[in-house]
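[1] got a predicted model here, sequence first, then my questions.
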Amino acid sequence: MKNEIVDLTSKLVKSQSVNPLYPGVETEKVLGGEKQNNLVLKDVIEDFGCKTALVEKAKERANLAGVLKGTGGGRSLILNGHIDTVPFGDINGWKWDDPISGKVVDGKLYGRGSTDMKGGIAAMVKAVQAIDAAGYRLKGDVIIESVVGEESMSHELGVDAVTEAGYRADAAVVTEPTAPPVRLAVVPVTPGAIWFKLHIEGKPVHVGVRDELFRAGGGGDAIGVNALEKGVKVIEALQDLEQQWGLSKKHPLFKPGHFVIHPGIIKAGPTGVLVPFIISDYCDIDYCIFYHPRQSYESVKREVVTYLNSVCSRDTWLRSHPPKIEWMLNWPSAEIPTRHPIVRTISAAHRQATGKRPTIKGFAAVCDAAFLDAKGIPSVVYGPGDLLVAHAFNEYVETSELVDAAKSIALTVLDWCGYEKA
């Protein structure tokens, strides 16, 4: 079924499904793409006996849920993936000037969403189809989910909506890409992620008196304050905290230093007049934190605030004008034991399918496994692709990895759900 797996991946990639809530996206141009992809998948899974439903909590953003009913006496399993993608970025950065080409060149299938994560969805769908085609009847139910909203943490429109519609199981496999550092790793733990904003206030004045702001004998804060430079001071301070985290926050399934405090966006200048002749009176910084899965959201917030307060207390301006913090979102972590039955099942399936010893590790980013886990459905991540090319120009997935993933998933389903010959 190699060609079928590759063809389905390519078909999905060729049909855009950009998340319409992603910042900067022209909603009207992309809305409906997720639903169209799920209608394609609906036809595919109905052909091998799934009873399907479209769960649509937001207009034109339908999730797909399909159940292949078991004969009874087996465990149930969810196979989950998200169909939404990030935007294309600069079209000129893509090979063939086409971000959704779906082309296969030298064993790599190119296009936005190929690795994150239409390849994983195609692999899990074809894995279940292969079981049916081989003449096996499963004892436990298999639920196939293709959900919306993951890329913007709109889980209430996607994975949560499907769970709340009644689609639950004894365990779940989320087919996200697991590299780096290892392709097709078995991943029972994901970090948490926080997005927060800092607003730093300055005091504008003509740049001709800049020397007054910091030279000995100058007027200092009474004359003016460069918010941009105060922002740099804050960035350097949080980089020091990040370095401390690299030494103090350890987890056996993550490489040292994985938990980070990333300054992703900085905007600064004089309000309304973006010229360098006026001292900047504002600096806004957007941060993304990946935090330890055994640490709570509230404790991370306290740690960041306490550290910032300590730094600001040693600065004459920031002491009385501390940064204003806006906490935008928290993506919770998830963790199940490495000895959990679903981890052991997929590890054995990987060994059988690939002939290689499975690697058990932590997930580099965040995914919907956290929300399944929060609903009491123990979840493991296992799928084709590499986060090093996800969200990047010329995103691709290796076709051989699609096949290996499908084999491992099929064996996982057989072992977990139980089976008999039809």
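    That came in fine, so what should we check first? Numbering: from 1, shown residues only.
[2] name the helices or strands packed onto the helix ranked longest in the chain?
    As assigned by DSSP state H, the longest helix anywhere in the chain is helix 227-248. In terms of contacts (3 or more CB pairs under 8 Å, 6 or more residues apart in numbering; DSSP states H and E), helix 227-248 is packed against strand 192-201, strand 261-269, strand 282-291, helix 297-312, helix 316-320. To be clear about C-beta, it is placed using only N, CA and C from the backbone, and glycine gets the same treatment.
[3] now tabulate these in TSV and tack on mean neighbour count.
    Listed next are the helices and strands packed on helix 227-248 as TSV, based on neighbours: other CB atoms under 10 Å:
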stretch	mean neighbour count
strand 192-201	19
strand 261-269	16
strand 282-291	21
helix 297-312	15
helix 316-320	14
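[4] mind checking those for the one nearest to Met153?
    strand 192-201 (8.5 Å; CB to CB).
[5] now that closest one against helix 227-248, angle please.
    Put simply, strand 192-201 runs at 150 degrees to helix 227-248, going by axes from the mean of the first three to the mean of the last three CA atoms, to 10 degrees.
[6] list of residues touching the helix or strand just after strand 192-201?
    Per DSSP states H and E, the first helix or strand lying C-terminal to strand 192-201 is helix 211-214. If you take CB atoms under 8 Å, 6 or more residues apart in numbering as the criterion, helix 211-214 is touched by 205, 218-221, 223-226, 279.
[7] may I see those arranged in CSV, with pLDDT, distance to Ile325 and neighbour count as well?
    As requested, the contacts of helix 211-214 are exported to CSV (pLDDT from 0 to 100; distance: CB to CB, whole Å; neighbours: other CB atoms under 10 Å):
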residue, pLDDT, distance to Ile325, neighbour count
Val205, 94, 26, 19
Gly218, 89, 30, 15
Gly219, 92, 29, 13
Gly220, 91, 25, 15
Asp221, 93, 22, 15
Ile223, 94, 27, 16
Gly224, 95, 24, 23
Val225, 96, 19, 23
Asn226, 97, 20, 22
Ile279, 96, 23, 23
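[8] and of these, the nearest to Asp47?
    Asn226 (64.3 Å).
[9] about what we covered before: could you export the helices and strands packed on helix 227-248 as TSV, including mean pLDDT and distance to Pro177?
    As requested, the helices and strands packed on helix 227-248 are exported to TSV (pLDDT from 0 to 100; distance: least, CB to CB, whole Å):
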stretch	mean pLDDT	distance to Pro177
strand 192-201	98	17
strand 261-269	97	20
strand 282-291	98	17
helix 297-312	97	25
helix 316-320	96	41
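[10] now render those as a markdown table, adding distance to Lys42.
    Formatted as a markdown table, the helices and strands packed on helix 227-248 follow (distance: least, CB to CB, whole Å):
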| stretch | distance to Lys42 |
| --- | --- |
| strand 192-201 | 31 |
| strand 261-269 | 36 |
| strand 282-291 | 34 |
| helix 297-312 | 36 |
| helix 316-320 | 55 |
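[11] quick one, which of those is nearest to Asp97?
    strand 261-269 (27.4 Å).
[12] so how far is the worst-scoring helix or strand of the chain on mean pLDDT off the chain centroid?
    Using mean pLDDT, DSSP states H and E, helix 211-214 stands out as the lowest-scoring helix or strand of the chain, at a mean of 90. Centroid separation between helix 211-214 and its chain, computed with CA atoms, centre = their mean, to the nearest Å, is 45 Å.
[13] in it, what's buried?
    Judged by neighbour count (16 or more other CB atoms under 10 Å), helix 211-214 contains these buried residues: 212-213.
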